[in-house]
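In: Build me a model from this:
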Amino acid sequence: PLGPCDGAALVRDIAEALAEGDGEAAPVARRLDHILATVACHGSVRAGRKLKPDEMNALLRAIEAEPAASTCNHGRPTFVRLSVADLEKLFGRR
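Out: Residues are numbered from 1 along each chain as shown. Here you go, the predicted model:
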C-alpha cells in the first residue's frame with residue numbers, strides 16, 4: 001500500500017519518532033497514526049507536479065476506491081465538484 005519504499009528505513013524512522021515523543025503523553029496508537037499520516041503526506045502528489053495521463057487515471061481510480069478520500073489528513077479537499085454553470089462562468093460563457 002505504500003508503494004516502493006525502503007521498508008527497513010521506514011520502520012526505523014517510525015521507531016525513532018515514537019521513541020523521541022513530543023513531551024506529550026499521547027497514546028502510542030494516536031502518535032503512530034500521526035506518524036503514518038505524515039509519511040503518507042510526504043509521499044503524496046504535490047501541487048505543480050505534472051502527471052502523465054496514466055498517472056492521473058490511476059490517482060483518480062485510487063480516490064474513487066477510498067471512502068475517506070475527499071480530504072487529506074490535514075483536512076484539505078482532494079477534489080472539488082463543479083457544475084455546468086460553474087464551468088460556464090469560469091470560461092465566460094454566461
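In: then stretch 12-21 to CSV, C-alphas only?
Out: Presented in CSV, the C-alpha positions along stretch 12-21 are these (Å, rounded to 0.1, in the frame of the first residue of the first chain):
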residue,chain,number,x,y,z
ARG,A,12,13.5,2.8,11.8
ASP,A,13,12.0,6.3,11.2
ILE,A,14,8.7,5.3,12.9
ALA,A,15,10.5,3.7,15.9
GLU,A,16,12.7,6.8,16.3
ALA,A,17,9.7,9.1,16.1
LEU,A,18,7.9,7.0,18.7
ALA,A,19,11.0,7.0,21.0
GLU,A,20,11.5,10.7,20.7
GLY,A,21,8.0,11.7,21.5
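In: residues of that stretch that come out buried?
Out: 14, 17 (16 or more other C-beta atoms under 10 Å). Yep, even glycine has a C-beta here, placed from its N, CA and C like the rest.
In: How far away from the center of its chain is that stretch?
Out: Computed by C-alpha atoms, centre = their mean, to the nearest Å, the chain-centroid distance of stretch 12-21 equals 21 Å.
In: Any figure for the gap between Phe38 and Asn73?
Out: Actually, residue 38 is Thr rather than Phe. As judged by C-beta to C-beta, to the nearest Å, Thr38 and Asn73 stand 8 Å apart.
In: Also Ile35?
Out: According to C-beta to C-beta, Ile35 stands 11 Å off from Asn73.
In: Looking at those two, which is more packed in?
Out: Taking other C-beta atoms under 10 Å, Ile35 and Asn73 do not tie; Ile35 has more neighbours (17 against 14).
In: How about that one: what's its closest non-neighbour residue?
Out: Ala17 (5.0 Å; C-beta to C-beta, 6 or more residues apart in numbering).
In: which residues sit in contact with Thr78?
Out: Thr78 is in contact with 63, 69-72, counting by C-beta atoms under 8 Å, 6 or more residues apart in numbering.
In: One more: Leu32?
Out: Applying C-beta under 8 Å, 6+ apart, we find Leu32 in contact with 14, 18.
In: same thing but 7 Å
Out: Taking C-beta atoms under 7 Å, 6 or more residues apart in numbering, we find Leu32 in contact with Leu18.
In: Nothing else from me, thank you.
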